[in-house]
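> sequence-free structure coming up:
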C-alpha cells in the first residue's frame, strides 16, 4: 500500500510506458489493474481489458467506491471530460473517437462510471442523484472547470451535478440526450414490484444474461449505427458485461428510475452555462422539445449531424469535432461558449421511448 495521496485526482493507475515524474508524493506506479475473478462465488471471469490504450486513473469516492478511467497525455489547459452513456454494457469505449482525437491536444479524461467498466460495480441502489454526486465529487478534483461532453442519459446526470451539487463546469455538450422528447418511459420506483423482480437473482440475472448475449448486443448496437457496427465495440461490450457485478447498475437502468421526468423543465431549462446539443435521428429517443431550449434560452444551441443514429461522433467524427471546436471558440473568434445562439434546432419526429441495451437510450 502507498501512503495516502494529497491530491486524489492525481493518484493514477499508469501503463508500462508511463513514468511517475511530476506526480504528488504518495502516488506510485501500478502496472496491473486487479478485478475480482469470482461472481457469486463460483463463476470465473477474466480481468477486463482496457477500453482505451491510455494511462488509467483511479479516484476514491466518498462511501468507499473507486472511480476509474483513462486520461490523455496533455496536462496543461482546460480539461475535456467525455462521459459514456448508461445501458446494459457501456464504457469509455463509447467515447473513443473523441478521446483519440483530443488525447494529445488538451487534457482529456474518460471515466468509467461506477457500475461499469473498470470502476467498482457494487450491489447498491443506483440513482440519478447518486451519479450526480459522484460526478460532482470527481469533477471538483480537476484543476479547472471542464468542458463536458455527455452521451445520452449521462447528460441528465451532469445537469443534476451542476444544479444540485453546484459543480463548476465551463460548458456542457449533450450528444443524443434523453429527456427532450414528448414521451417519457414508465418508471418503476425503488421498492416497486418490478424493481424487486429485476433485483432478484431468478429474474434480473437471466434477463441481463439474455440482453448481453452476442446476438442481443449486436442487434442493440446495430440500432445506433447507420453503417456497419464496428466489431471491436461488440467484442468489448460482451467482455465488460461478463465482469463481476456487471448486472447491478444495468438492472436499475431497466426500471427507468435513473431518468428524470420532465427533464426539460426540471433540469435543462435551469442551466445557465453554454450548452450544445448534437443530434439527428435516434431509434430510442426523441428531440421534439429541443426548440423549447434553443428558441427561448440564448445559452442553448443545437446542431443536427446527419445521417446518424445516436452515435454521430463515431460515424461523423469530423463533423462532430468541427461542431465542438466552433462551440468552444473564444469570444471574438466566431461562435463560442460565450456567443452560442447560432443554430435553431429542427425537432425530429421521433417518440421519446427507450429501448433497453443500446448506447442510445442512456
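Noted; the coordinates are in hand. Treat the numbers as computed from the prediction; the structure is a model and nothing was measured.
> alpha carbons only for contacts and neighbour counts from here, please
OK.
> please enumerate the strands of the stretch 51-200 of the chain.
55-60, 66-71, 80-83, 108-112, 146-151, 169-175 (DSSP state E, counting those that start in this stretch).
> and these, which is most packed in?
Burial of the strands of the stretch 51-200 of the chain is given as mean neighbour count (mean count of other C-alpha atoms under 10 Å); strand 108-112 ranks first at a mean of 26.
> that strand - contacts with which helices or strands?
Counting contacts by 3 or more C-alpha pairs under 8 Å, 6 or more residues apart in numbering; DSSP states H and E, strand 108-112 packs against strand 66-71, strand 80-83, helix 96-102.
> and of those, who's closest to residue 173?
Closest approach to residue 173 among the helices and strands packed on strand 108-112 (C-alpha to C-alpha): strand 80-83, 9.6 Å.
> give me the mean pLDDT for that closest one.
Mean pLDDT, computed over strand 80-83, is 99.
> neighbouring contacts of that strand?
92, 95, 98-99, 106-112, 146-151, 154 (C-alpha atoms under 8 Å, 6 or more residues apart in numbering).
> strands paired with that strand, and their directions?
Applying DSSP bridges to the sheet, strand 80-83 is found paired with strand 108-112 (parallel), strand 146-151 (parallel).
> I'd like the distance from the longest one to the chain centre, please.
Going back to what we said before, that points to strand 146-151. Mean-position distance between strand 146-151 and its chain equals 9 Å (C-alpha atoms, centre = their mean, to the nearest Å).
> now it against strand 169-175, angle please.
Calculated by axes from the mean of the first three to the mean of the last three C-alpha atoms, to 10 degrees, strand 146-151 forms an angle of 20 degrees with strand 169-175.
> quick check: residue 73 vs residue 112, distance?
Distance, residue 73 to residue 112, by C-alpha to C-alpha, to the nearest Å: 18 Å.
> an error on my part: the question was meant for residue 135.
Using C-alpha to C-alpha, residue 135 is found at 11 Å from residue 112.
> same check, this time on residue 236
For residue 236, the distance to residue 112 equals 13 Å [C-alpha to C-alpha].
> ditto for residue 200
The value you get for residue 200 to residue 112, if C-alpha to C-alpha is used, is 25 Å.
> could you do residue 106 as well?
For residue 106, the distance to residue 112 (C-alpha to C-alpha) stands at 20 Å.
> returning to that earlier point: take the strands paired with strand 80-83 and write them to JSON lines, including mean pLDDT and distance to residue 185.
Below are these laid out as JSON lines (pLDDT from 0 to 100; distance: least, C-alpha to C-alpha, whole Å):
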{"stretch": "strand 108-112", "mean pLDDT": "99", "distance to residue 185": "25"}
{"stretch": "strand 146-151", "mean pLDDT": "99", "distance to residue 185": "18"}
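> any stretches of the stretch 251-362 of the chain with poor pLDDT?
By pLDDT under 70, the low-scoring segments of the stretch 251-362 of the chain are 332-362.
> in it, which spans are strands?
Under DSSP E, counting those that start in this stretch, the stretch 251-362 of the chain gives strands at 275-279, 300-304.
> now the first one against strand 146-151, angle please.
Think strand 275-279. 30 degrees.
> what's strand 275-279 packed up against?
Counting by 3+ C-alpha pairs under 8 Å, 6+ apart, strand 275-279 packs on strand 169-175, strand 300-304.
> partners of that strand in the sheet?
Counting by DSSP bridges, the strands paired with strand 275-279 are strand 169-175 (parallel), strand 300-304 (parallel).
> and the contacts of it?
Identification of contacts with strand 275-279 by C-alpha under 8 Å, 6+ apart yields 171-177, 299-305, 308, 310, 312, 320, 327.
> can you count the residues close to the closest residue to residue 97 other than its chain neighbours?
Nearest residue to residue 97, sequence neighbours excluded (C-alpha to C-alpha, 6 or more residues apart in numbering): residue 314, at 6.2 Å. Residue 314 has 19 neighbours, counted by other C-alpha atoms under 10 Å.
> ditto for residue 253
The number of residues near residue 253, taken as other C-alpha under 10 Å, comes to 23.
> show me what contacts it?
Contacts of residue 253 (C-alpha under 8 Å, 6+ apart): 86, 87.
> now residue 197
Residues near residue 197 by C-alpha under 8 Å, 6+ apart: 203, 204.
> distance check, the spatially most central residue of the chain against residue 69.
Geometric centre of the chain, nearest residue: residue 84, 2.3 Å, by C-alpha atoms, centre = their mean. According to C-alpha to C-alpha, residue 84 and residue 69 sit 11 Å apart.
> for these two, list the residues in contact with both.
Taking C-alpha under 8 Å, 6+ apart as the criterion, residue 84 and residue 69 both touch 92, 110, 111, 112.
> I'd guessed residue 65 sits against residue 120; true?
Yes: assessed by C-alpha atoms under 8 Å, residue 65 is found in contact with residue 120 at 6.1 Å.
> could you check which of those two has the larger neighbour count?
residue 120 (20 against 16).
> can you give me the distance of that one to residue 249?
11 Å.
> the nearest residue to residue 105 once chain neighbours are set aside - how many residues pack around it?
Nearest residue to residue 105, sequence neighbours excluded (C-alpha to C-alpha, 6+ apart): residue 74, at 6.6 Å. For residue 74, the neighbour count with other C-alpha under 10 Å is 14.
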